[in-house]
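# Structure, please.
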Amino acid sequence: MSLCRPRELLGNTWVLLAGLLVLFPRALAAPGPVLKAAAVGSSVLLPGLENIILRDSLCWEFLNGSGPRPILQHRGGVLPPALHAPYAGRAVFHPSNGSLLLEDVQESDSGTYRVTGGRESLEFQLEVLQPVSRPQLWASSLVARATGRVVCEVAEGRVGSITWRKDGQPLSPDRVSWLSSSCSVLYLRPAKRSDCGSYSCNASNGISWQETSLEVTIEGGELWRWLSCYTCGLVCIACILEGTAGVLWMWEEGPSVAVILPEITLSYLTVVTFLVATTVIFQPADFSHLKSRKAQRTMGYAAPGAVVAVVLSSSFLIKSIHQRHEGGCTEFMDVTILVASTAAVAALPLLAIGLCYQRTQGWHKDNDGSWTDKVSSFEMSQPGTKDTIPS
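So this is what the prediction gives:
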């Protein structure tokens, strides 16, 4: 008796493997469901089994939480079988290949569909989605060295993911939090000059995507705003007073080119400094839209140029007044005390600006703290939300 029969042993092995494939086809193959995404109102074709023939029995069913719901039972032949509600009239079965066409699908049609024929079966995971609407992108008050936020919110459609970009480059997910499935917040902690730029928010799901961009500027802070407004406003008032003094001088001495030219310059500087002061307070973001070099230089040199013009004009008028007093017998009044007291009074608003700045900084801190508390409480109440964008 031979102890080694390789041919018989190899044949028995193949028989054993074939028997396992017949007994446990699903355990060995076990393919996952085929994922499909479709828009609301569209038609979806679910293909049948590859080895189906006309005389084979075929069953389509919908799987949900309460158990399988039958769609149709095909027992062979070329005539299409009757479809069960609610698929009658909105589904088409093709006996030749066993495929099922779903028409005018709705979000309630989302779920798992299974086709079974003999010992074979195939599952489809269908997700019916509304197209996402264009995101709404807005920013909180962005001040240098304070916490800033850029919010992206989608009004319609189930959002699968939200991604952020700055100047075309993707941003780190560590800076992003999800307040809900359709709202994402980008944090600037703390906001700085390098954060200025174009931010875009891309919302997408399995069937659509939309993107919105926003130009973000960082203000120099409340102190910068108030000091700029005070400086330009003070220079504007000085230009007005100096221009009035020049007009009164010409009223008595007569027109003079030495006074007319400075008057024209002072009038121009009065308008520019007034516009700069009001824009700094009410519309500081408008400065970011100034792309012209000429406009930027005009804004930058307006206040210093006005100071030089006022000093030169004042020197000319004081010298003229002094010459007129020398022609009389009265003593010339020393204006040093008057100038010093005027400078002291003009410096008083600086104290008020400092106090307002301190109060504003405290308000910003309280506002940032309350916003952080709201975000934390919202995230704790939403067990499905994550601190970062899901993949």
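
# Tell me how many other residues crowd the closest residue in space to S110 that isn't next to it in sequence.
Nearest non-adjacent residue to S110, counting by CB to CB, 6 or more residues apart in numbering: V128, 4.8 Å away. Bear in mind the C-beta positions are built from the backbone N, C-alpha and C, glycine included. Residues near V128, counting by other CB atoms under 10 Å, number 23.

# what sits opposite V128 in the beta ladder?
V128 has the following beta-bridge partners by DSSP bridges: A38.

# in the helix or strand containing L179, what's buried?
For L179, the host element (DSSP states H and E) is strand 176-180. Under the neighbour-count criterion of 16 or more other CB atoms under 10 Å, strand 176-180 has V176, S177, W178, L179 buried.

# Could you list the low-confidence segments of this protein?
Applying pLDDT under 70 to the chain picks out residues 1-31, 52-56, 77-79, 220-225, 284-292, 325-391.

# Walk me through the domains of it.
With domains defined by automatic domain parsing, the chain comprises 31-129, 136-220, 222-356.

# Strand partners (parallel or antiparallel) of the strand holding L179?
Strand 176-180 sits in its sheet next to strand 183-188 (antiparallel), going by DSSP bridges.

# So which of the buried residues of strand 176-180 is the closest to Y87?
Of all the buried residues of strand 176-180, W178 has the smallest distance to Y87: 36.3 Å, by CB to CB.

# quick one: contacts of stretch 81-98?
Stretch 81-98 has contacts (CB atoms under 8 Å, 6 or more residues apart in numbering) with 47-49, 52, 54, 58, 60, 69-75, 77-80, 99-104, 115, 117.

# go again using 6 Å as the cut-off
Under the criterion CB atoms under 6 Å, 6 or more residues apart in numbering, residues 48-49, 52, 58, 70-74, 78, 80, 100-104 lie in contact with stretch 81-98.

# Go through the residues you listed and single out the one with the most neighbours.
Neighbour counts for the contacts of stretch 81-98 (other CB under 10 Å) peak at I71, which has 24 neighbours.

# I'd like to know which elements the helix or strand containing that one is packed against.
Assigned by DSSP H and E, I71 belongs to strand 67-74. Identification of packing neighbours for strand 67-74 by 3 or more CB pairs under 6 Å, 6 or more residues apart in numbering; DSSP states H and E yields strand 58-64.

# Remind me what the strand it packs on packs against, helices and strands.
Using 3+ CB pairs under 6 Å, 6+ apart, strand 58-64 is in contact with strand 67-74, strand 111-117.

# which of the domains of the chain sits most buried?
Of the domains of the chain, the one with the most neighbours on average (mean count of other CB atoms under 10 Å) is domain 136-220, at a mean of 17.

# and the residue nearest to G48 when sequence neighbours are not counted, how far is that from G32?
Sequence neighbours aside, G98 is the residue nearest to G48 in space, at 2.5 Å (criterion: CB to CB, 6+ apart). For G98, the distance to G32 equals 20 Å [CB to CB, to the nearest Å].

# about what we covered before: alpha carbons of the strand holding L179, as PDB, please.
C-alpha atoms of strand 176-180 as PDB (Å, rounded to 0.1, in the frame of the first residue of the first chain):
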ATOM      1  CA  VAL A 176     -11.500  74.800  11.700                       C
ATOM      2  CA  SER A 177     -14.500  73.800  13.800                       C
ATOM      3  CA  TRP A 178     -17.900  72.500  12.800                       C
ATOM      4  CA  LEU A 179     -20.900  74.100  14.500                       C
ATOM      5  CA  SER A 180     -23.300  71.900  12.700                       C
END
